[in-house]
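**Student:** make a model of this:
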Amino acid sequence: MDVHGLSKRTTTEKLQEAFSQFGEVVHARVVTDRVSGYSKGFGFVRYATLEDAAKGIEGMDGKFLDGWVIFAEYARPRDPPGQAENNMVPPYGRQ
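**Tutor:** As a prediction, the model looks like this:
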């Protein structure tokens, strides 16, 4: 799942601890800035089962973590390379 709205002070350990109360967390990661080492404000959590993931979203979406309201949702797969280009709207006048 995707988690957004994280504080720049939130660590991977804090993210895993917060979400593990709702089920077995297989993997958790806060994306950090390479220079400062602080959170970029988002991360990812993977549960062992879809049922646990649903509990995690229900339990954490819109809740506070490190003083910030966070948002949790199911991750969407990325488009395959080149896919986004095919969905582009043609520029004005070039139809």
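
**Student:** what segments of the chain are helices?
**Tutor:** 12-20, 50-60, 83-86 (DSSP state H).

**Student:** worst average pLDDT in the ones you listed?
**Tutor:** Lowest mean pLDDT within these: helix 83-86, a mean of 55.

**Student:** please pull out the lowest mean pLDDT helix or strand from the protein.
**Tutor:** helix 83-86 (a mean of 55; mean pLDDT, DSSP states H and E).

**Student:** how about the strands of the chain, start to end?
**Tutor:** Counting by DSSP state E, the chain has strands at residues 2-4, 25-32, 39-47, 64-65, 68-69, 71-73.

**Student:** okay, now the unreliable bits of the chain?
**Tutor:** For the chain, residues meeting the criterion pLDDT under 70 lie at 82-95.

**Student:** what about 80?
**Tutor:** 79-95 (pLDDT under 80).

**Student:** contact partners for Tyr70?
**Tutor:** Quick fix: residue 70 reads Ile, not Tyr. Val3, His4, Gly5, Leu6, Met60, Asp61, Gly62, Lys63, Phe64 (Cβ atoms under 8 Å, 6 or more residues apart in numbering). C-beta here means a position set from N, CA and C on the backbone, and glycine is covered the same way.

**Student:** oh, I was asking about Ala72
**Tutor:** With Cβ under 8 Å, 6+ apart, Ala72 has these contacts: Met1, Asp2, Val3, Phe19, Val45, Gly56, Ile57, Met60, Asp61.

**Student:** can you lay out those residues as CSV showing distance to Thr10 and neighbour count?
**Tutor:** Converted to CSV, the contacts of Ala72 look like this (distance: Cβ to Cβ, whole Å; neighbours: other Cβ atoms under 10 Å):
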residue, distance to Thr10, neighbour count
Met1, 15, 19
Asp2, 14, 14
Val3, 9, 28
Phe19, 12, 26
Val45, 12, 28
Gly56, 16, 23
Ile57, 17, 21
Met60, 12, 21
Asp61, 16, 15
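
**Student:** mind putting those in JSON lines, distance to Ser39 included?
**Tutor:** Formatted as JSON lines, these follow (distance: Cβ to Cβ, whole Å):
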{"residue": "Met1", "distance to Ser39": "16"}
{"residue": "Asp2", "distance to Ser39": "14"}
{"residue": "Val3", "distance to Ser39": "10"}
{"residue": "Phe19", "distance to Ser39": "15"}
{"residue": "Val45", "distance to Ser39": "14"}
{"residue": "Gly56", "distance to Ser39": "19"}
{"residue": "Ile57", "distance to Ser39": "20"}
{"residue": "Met60", "distance to Ser39": "16"}
{"residue": "Asp61", "distance to Ser39": "18"}
